[in-house]
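# need a structure here:
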Amino acid sequence: MKRIYQTYQDAELLQCISENDEGAFSEIYRRYAAHMFITAFNILRRRAGAEDAVQEIFINLWKRRGELQIDSLKAYLHQSARYRALRMYKDERKADSFYERLTQATSDILQDDPVVFRDIQQILQKIILTLPGDQQVIYRLHREQRLTYSEIAKNLDISVKTVEKKMSKSLKSIRPQLDKLLFLLLFFTAGI
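Residues are numbered from 1 along each chain as shown. Alright, predicted model coming up:
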């Protein structure tokens, strides 16, 4: 007997997905994905970022389906979209702030000591070389050639979403090393 999930209440759908029912999961997605997208988009103002936020929430919902205890599915998904988008926004701002500080410190070093600047540039290039090839290309196109994600996507014949994901992975991978490099830059610019 085929189930008609549209008639199910949210609590029934949650029970079904806890029993690995993909049809119930699809119904939850159908009901709430658009609303979640709007919530995330209103925070991020980027279509691809909002889509990523919604996708990550649904992946997590499916992975945790056996352990979830949710009173109001609608409220839970709305808050999840809001929280995930805010976290993504904060991470993006943090990356922007880091690069602003790195640019300023680099500029100061270039003016004060070109030899130190050259050495730090070599360290940065070694860090970039630790990235997988496709991430390296995207990182260089964006950071060194100043191409937008849309321009990179067009040049590489991939989606903007793929570019965003690869840049995000790149930044997560190299940020700890770049933080150390920034410390060195600040160390030299302070004249310590």
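# Would you mind splitting this protein into its domains for me?
Following automatic domain parsing, one finds the domains of the chain at 5-88, 113-189.
# now the strands for the chain?
Listed in chain order, the chain contains no strands at all (DSSP state E).
# just for this protein, where's the confidence low?
Within the chain, the segments meeting pLDDT under 70 span 1-2, 94-117, 120, 178-192.
# Thr148 - how many residues pack around it?
Thr148 is flanked by 12 other residues according to other Cβ atoms under 10 Å. C-beta: built from backbone N, CA, C; applies to glycine.
# Where do the helices of the chain begin and end?
In the chain, the segments counted as helices under DSSP state H are 10-18, 22-44, 47-63, 73-112, 114-129, 133-143, 149-156, 160-189.
# Could you pull up the residues touching the residue nearest in space to the middle of the chain?
When Cα atoms, centre = their mean is applied to the chain, the residue found nearest the centroid is Ser168 (5.0 Å). With contact set as Cβ atoms under 8 Å, 6 or more residues apart in numbering, Ser168 has no partners.
# Against Thr162, how distant is it?
11 Å (Cβ to Cβ, to the nearest Å).
# Next, format the helices of the chain as a markdown table and append distance to Ile4.
Below are the helices of the chain laid out as a markdown table (distance: least, Cβ to Cβ, whole Å):
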| stretch | distance to Ile4 |
| --- | --- |
| helix 10-18 | 11 |
| helix 22-44 | 9 |
| helix 47-63 | 21 |
| helix 73-112 | 18 |
| helix 114-129 | 54 |
| helix 133-143 | 44 |
| helix 149-156 | 40 |
| helix 160-189 | 33 |
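# OK, contacts around the closest residue in space to Tyr29 that isn't next to it in sequence?
What sits nearest to Tyr29 in space, not counting adjacent residues and going by Cβ to Cβ, 6 or more residues apart in numbering, is Phe58, at 6.0 Å. Residues counted as contacts of Phe58 (Cβ under 8 Å, 6+ apart) are Phe25, Tyr29, Ala33.
# and the gap between Phe58 and His142?
In terms of Cβ to Cβ, Phe58 sits 28 Å off from His142.
# again with Leu156
In terms of Cβ to Cβ, Leu156 sits 11 Å off from His142.
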